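Colleague: With the input below, show me the fold.
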Amino acid sequence: MTHRPILTHTRAQLAEALTKLPGTKALVMTMGALHNGHLQLVREARELADHVIVTIFVNPTQFAPGEDFDAYPRTLEADMDALETVGADLVWAPAPQDVYPTPVTVSIDPGPIARVLEGKTRPTHFAGVALVCSKVVNLIRPDVALYGQKDAQQLALLRTVFAQLDIPVRVHAVPIVRAEDGVALSSRNQYLSDDERARARALSRSLRRGVEVAEAGAEPAVIVEQCRAVIEAEGGIDVDYIALVDAGTFEILAGTESVPVGEGAGAPTVAADGTRQGRLLIAAKVGTTRLIDNMEVALHAAPCSCSTHAGDLA
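Modeller: This is a model prediction of the structure:
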């Protein structure tokens with residue numbers, strides 16, 4: 001049986017509402033404009049804790065000047081209607097002054113992982129993510145926080161930040177939710193025209209191709225090159241990067257020209273069957289809309305961490 005979640009805005013309202021939720025708590029942090037990917041986080045959260053708290057907050061510290069902070073969709077009433085269908089208990093939808101009651105003078109440097117891939121494109125983004133997530137977890141004190149694997153770099157970064165700052169919360173990863181055409185669900189998909197949406201399907205197709213050649217034993221640079229070939233065959237897509245990383249350490253094993261191979265080296269993440277666990281990531285613009293996507297990949301060949309880029313292949 002579902003019910004309409006309690007809606008709070010201020011810190012005081014949040015604190016009071018939390019006292020009425022005994023037992024374990026799960027946290028789902030969002031920026032609103034909720035789609036089924038967000039709702040799947042809430043559904044899984046219900047399986048992990050007695051109560052589910054959802055935050056809806058477009059965080060200004062993770063947007064750089066000129067990014068789409070003002071244009072980002074804000075649909076609180078529709079979001080509340082959606083959350084009612086999946087059993088969220090409490091929603092915190094603060095204004096910026098509720099999250100940042102004093103001017104922001106402290107920042108969190110998440111380390112090397114924040115300066116590559118998405119971090120290179122948006123150099124201040126992950127510091128803002130680390131700050132707001134640390135603040136919200138400290139305010140709500142959940143037992144578990146759920147994050148989607150679509151933002152794979154963010155997920156890896158938050159695991160590191162929470163662990164190194166001894167923030168007592170368990171991080172639970174939720175698989176990517178896709179539309180029937182294979183496109184990963186995203187609030188930004190609404191910006192795509194019909195033609196752009198059709199082209200956007202090439203992102204998931206390219207990742208699937210990478211997974212296929214990896215299963216056949218291809219080396220990391222070849223896997224990336226095969227992904228790029230699918231994108232180039234589609235046309236009309238401006239690739240920011242394609243990268244293959246270790247799923248646990250986020251060490252970059254191969255990538256397109258701008259990707260620093262070897263960054264973040266660490267002990268390989270190896271599955272029980274002896275394969276190295278990787279994640280294949282892509283970021284690209286379709287029209288004016290920047291999209292990201294990724295897939296898990298099992299690496300059967302021994303990957304080489306060297307300076308060879310996929311773009312250097314003949």
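
Colleague: Please name the residues that touch Gln226.
Modeller: By C-beta atoms under 8 Å, 6 or more residues apart in numbering, the contact set of Gln226 is 209-210, 213, 218. Placement of C-beta: from N, CA and C, glycine included.

Colleague: Show me which of these is closest to Glu47.
Modeller: Minimum distance to Glu47 across these is 31.0 Å, recorded for Gly210 (C-beta to C-beta).

Colleague: Pretty sure Cys133 sits in a helix.
Modeller: Yes - according to DSSP: H, G, I helix; E, B strand; the rest coil, Cys133 belongs to a helix.

Colleague: Now do the residue lying closest to it once chain neighbours are set aside: how many residues are near it, please.
Modeller: In space, Cys133 comes closest to Leu158 once its chain neighbours are excluded; the distance is 5.8 Å by C-beta to C-beta, 6 or more residues apart in numbering. The tally of other residues near Leu158 (other C-beta atoms under 10 Å) stands at 24.

Colleague: thought Pro110 was touching Ala127?
Modeller: Yes - shown here, Pro110 and Ala127 form a contact pair, counting by C-beta atoms under 8 Å, at 6.7 Å.

Colleague: and these two? which has more neighbours close in?
Modeller: Pro110 (21 against 17).

Colleague: Can you tell me the SS state at the more buried one?
Modeller: Classified using three-state DSSP, Pro110 is coil.

Colleague: Contact partners for it?
Modeller: 126-127, 129-130, 157, 160-161 are the contacts of Pro110 under C-beta under 8 Å, 6+ apart.

Colleague: on that earlier part again, where's the residue nearest to Cys133 relative to Val169, distance?
Modeller: Distance from Leu158 to Val169, counting by C-beta to C-beta, to the nearest Å: 9 Å.

Colleague: Identify the contacts common to those two.
Modeller: Ala145.

Colleague: Restricted to helices, list the contacts of Pro110.
Modeller: 126-127, 129-130, 157, 160-161 (DSSP state H).

Colleague: CSV please, covering those residues and showing distance to Val297.
Modeller: Converted to CSV, the ones in helices among the contacts of Pro110 look like this (distance: C-beta to C-beta, whole Å):
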residue, distance to Val297
Phe126, 23
Ala127, 29
Val129, 25
Ala130, 27
Leu157, 20
Thr160, 21
Val161, 25
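
Colleague: Helix or strand: which one has the closest residue to Tyr72 other than its chain neighbours?
Modeller: Spatial nearest neighbour of Tyr72, excluding adjacent residues (C-beta to C-beta, 6+ apart): Val58 at 5.1 Å. Assigned by DSSP states H and E, Val58 falls within no helix or strand.

Colleague: Just to check, Val58 is in contact with Thr30?
Modeller: No - with contacts defined as C-beta under 8 Å, Val58 does not count as touching Thr30, sitting 9.6 Å away.

Colleague: which of these two has more neighbours?
Modeller: Remark: of Val58 and Thr30, Thr30 carries more neighbours, 23 against 18, as counted by other C-beta under 10 Å.

Colleague: For the more buried one, grab phi and psi.
Modeller: Main-chain torsions, Thr30, degrees, to the nearest 10: phi -140, psi 170.

Colleague: sec struct for the residue lying closest to it once chain neighbours are set aside, please.
Modeller: Nearest non-adjacent residue to Thr30, counting by C-beta to C-beta, 6+ apart: His38, 5.2 Å away. Put simply, His38 is helix when judged by three-state DSSP.

Colleague: My read is that His38 contacts Val28, right?
Modeller: Yes - assessed by C-beta under 8 Å, His38 is found in contact with Val28 at 7.2 Å.

Colleague: still on that earlier bit, list only buried entries from the contacts of Gln226.
Modeller: 209-210, 213, 218 (16 or more other C-beta atoms under 10 Å).

Colleague: Having no further points to raise, I will conclude here.
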